[in-house]
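J.: Based on what follows, work out the 3D shape:
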Amino acid sequence: MIRPRTLAAAFMAVTFLAACGGNNSNSPAPAPDPAPPPPPPATSSLEVLHASPDAPAVDVLAGGSVVLSNVPYKTGSGFLTVQEGTLAVEVRAITPSGSVTVIGPANLPIAGDERITVIAVGETATLEPLVLTAPEAGPAAGNVRLRVVHAAPNAPAVDVFATAPGADLASAAPLGTFAFGEDLGPVEVPAATYQVRVTLAGDASTVVFDSGEVPLTAGADLVIAAVQNTGPGTAPISLVALDGTGSLEILDATTPSALRVVHASADAPDVDIIANDDFAAPAVPALAFPDVTGYLLLPPSTLNVKVVPAGAATPVVIDADLELEAGVEQTVLAVGPLADIEPLVLVDDNRRIATEARIRLVHASPSAGNVDIYVTDALTSIDDVEPAFAGVPFKADTGYVGLAPGSYAVTVTPAGSKVPAIGPVSLDLEAAGIYTAVARDEFGGGLPPGLILLDDLAP
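T.: Residues are numbered from 1 along each chain as shown. Below you'll find the predicted structure:
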């Protein structure tokens, strides 16, 4: 028999257990589902072009960090992905005394889903950023999108034509007319082969640039900058095309190659330089040691060069093929004693940089052996310094070295020695100057060596 008191105790126990169970109204509510993450910030594509004709190479900073290093003139970057918001952009010129901020830091608004092109334009003294924006979406199927920018500070206002090859400009309509700092487009054209011609504004008969035939592939999205020509030829500009992966220069179709010759063989007689076996009309007649020609402007090609005694067809002491490229300047030196004479080919860079002097030293003295080269201020003894270039062998050169304008002394010694073989030679170097010196043997061969002076050192 169950007593009432026992039954009541059991009921209370069941009630207590139920109160502790998950269905009790006092238990915690289930956690809500987590909120979805915010969408990623919108991004844009940023590209940069160095279009300042007398500025040194530059570093480009974005958000305080270097994103492009040592960018030379007429060179553009591929796309950099940047987030929506405000981006601090800075350009620093690389000078002999260190990097110098020449643009910015400037706050660049980034809206998202844009193609942003930043071009450093103007000469060094007036350098500024030119910022272009366009929708990031590319052209319609089968088309090419073009945007053309006038980035040549010393060129006048011009008309730009993009036509079928050989089309008569008198009956063609230009893409537009623009002056320095202005741009045309973006405009879409069907993919095809075009001829891009630039004329003086309003004068279709005066063509100042002709690209020749340029194939444009469907889907291409190009920013094309007209930049100042600093190489050989009469065209005042060339074109630099940015396609999102980098840059490509388009030269005027008539751009020549430039070649000069140096007679640096101390025991060789006067020589004729024969081009492509035209012995009847030497390209350079009767060149004497240690003379130098001016630049010869030649069509791009493979050029066969023979060197013979002046007025003779034999013996041929040098027989070499030279690759002549449009827009490239080269110096060819005849070096070594006559018994072992050979060509030494150097690629020249005659662009003048406003912030520095540039000097190049060439070792063309076979009797001197390896040498040390010192470049010091005018009052410093070489006894107290290490050479700027140590153990330089015959036929080597220093390349172009940027120096701050000022007075210097150049001394050449046998490698490991402090006894001068040449110099000290005092040099007053100016901003934008280009200086080349070639060490050569004494007349007839042997020591002491002397110098052949080129460029702004030439008498």
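
J.: For the one residue sitting closest to the centre of the chain, which residues are in contact?
T.: The C-alpha lying nearest the average C-alpha coordinate of the chain belongs to residue 72 (CA atoms, centre = their mean; 3.3 Å). Shown here is residue 72, whose contacts under the criterion CB atoms under 8 Å, 6 or more residues apart in numbering are 50, 57. Just so you know, the C-beta spots here come from the backbone N, C-alpha and C atoms, and that holds for glycine as well.

J.: mind running it again at 6 Å?
T.: Under the criterion of CB atoms under 6 Å, 6 or more residues apart in numbering, the contact partners of residue 72 comprise residue 57.

J.: how close does it sit to residue 131?
T.: Here the criterion is CB to CB, to the nearest Å. By it, residue 72 lies 21 Å from residue 131.

J.: And for residue 84?
T.: For residue 84 relative to residue 131 (CB to CB), the value is 16 Å.

J.: Quick check: nearest residue in space to residue 254, chain neighbours excluded?
T.: Residue nearest to residue 254 in three dimensions, not counting chain neighbours: residue 233, with 6.5 Å by CB to CB, 6 or more residues apart in numbering.

J.: do the same with residue 99
T.: Spatial nearest neighbour of residue 99, excluding adjacent residues (CB to CB, 6+ apart): residue 92 at 4.1 Å.

J.: three-state assignment of residue 90?
T.: Reducing the assignment at residue 90 to three states with DSSP: H, G, I helix; E, B strand; the rest coil gives strand.

J.: Let me know the pLDDT of it.
T.: Among the per-residue scores, residue 90 holds a pLDDT of 97.

J.: Next: the one 5 residues further on.
T.: The model reports residue 95 with a pLDDT of 97.

J.: didn't residue 411 look like it was pressed against residue 419?
T.: No - here residue 411 does not reach residue 419: they are 9.9 Å apart, not a contact under CB atoms under 6 Å.

J.: These two: who's more crowded?
T.: Relative neighbour count places residue 411 above the other of residue 411 and residue 419, with 22 against 8, counting by other CB atoms under 10 Å.

J.: Report the beta-bridge partner residues of the more buried one.
T.: Going by DSSP bridges, residue 411 is paired in beta bridges with residue 374.

J.: what sits against it?
T.: The neighbours of residue 411, taking CB under 6 Å, 6+ apart as the test, are 374, 382, 420, 423, 424.

J.: my guess is the second one meets residue 375, correct?
T.: Read that as residue 382. No - using CB under 6 Å, residue 382 is not in contact with residue 375; the gap is 9.9 Å.

J.: And the two? Which one has more around it.
T.: Neighbours were counted for residue 382 and for residue 375 using other CB under 10 Å; residue 375 has more, 22 against 19.

J.: If you drop the residues flanking it in sequence, what lies closest to the more buried one?
T.: With CB to CB, 6+ apart as the criterion, residue 375 has its nearest non-adjacent residue at 4.5 Å, and that residue is residue 388.

J.: Count the neighbours of that neighbour for me.
T.: If we define neighbours as other CB under 10 Å, then residue 388 has 16 of them.

J.: Then residue 341?
T.: A total of 17 residues lie near residue 341 under the criterion other CB under 10 Å.

J.: Show the backbone phi and psi for it.
T.: Residue 341 has phi and psi values of phi -60, psi 140 when expressed as degrees, to the nearest 10.

J.: Tell me the secondary structure at residue 339.
T.: The local conformation at residue 339, judged by three-state DSSP, is helix.

J.: since we're on it, how many residues are nearby?
T.: Taking other CB under 10 Å as the criterion, the count of residues near residue 339 is 9.

J.: Tell me how far it lies from residue 447.
T.: Computed as CB to CB, the residue 339 to residue 447 distance reads 18 Å.

J.: Then residue 190?
T.: Going from residue 190 to residue 447 by CB to CB gives 68 Å.

J.: where does the stretch 301-450 of the chain have low pLDDT?
T.: When residues are selected by pLDDT under 70, none of them lie in the stretch 301-450 of the chain.

J.: just so I have it, where are all the strands in it?
T.: If DSSP state E, counting those that start in this stretch is used as the criterion, the strands of the stretch 301-450 of the chain fall at 301-309, 318-324, 329-335, 342-348, 357-364, 371-377, 389-392, 401-403, 406-414, 422-429, 434-440, 450-455.

J.: So which of these is nearest residue 59?
T.: Taking CB to CB, strand 401-403 is the member of the strands of the stretch 301-450 of the chain nearest to residue 59, at 14.9 Å.

J.: How about residues contacting that closest one?
T.: For strand 401-403, the surrounding residues in contact (CB under 6 Å, 6+ apart) are 96, 356, 357, 358, 359, 429.

J.: Please pick the buried ones from those residues.
T.: Buried members of the contacts of strand 401-403, counted by 16 or more other CB atoms under 10 Å: 356, 357, 358, 359, 429.

J.: Go through those residues and name the one nearest residue 210.
T.: Checking the buried ones among the contacts of strand 401-403 against residue 210 by CB to CB gives residue 358 as the nearest, at 31.3 Å.

J.: hang on, isn't the closest one packed against residue 400?
T.: Yes - here residue 358 reaches residue 400: they are 4.5 Å apart, a contact under CB under 6 Å.

J.: Now do the same for residue 35: its pLDDT.
T.: Residue 35 carries a pLDDT value of 79.
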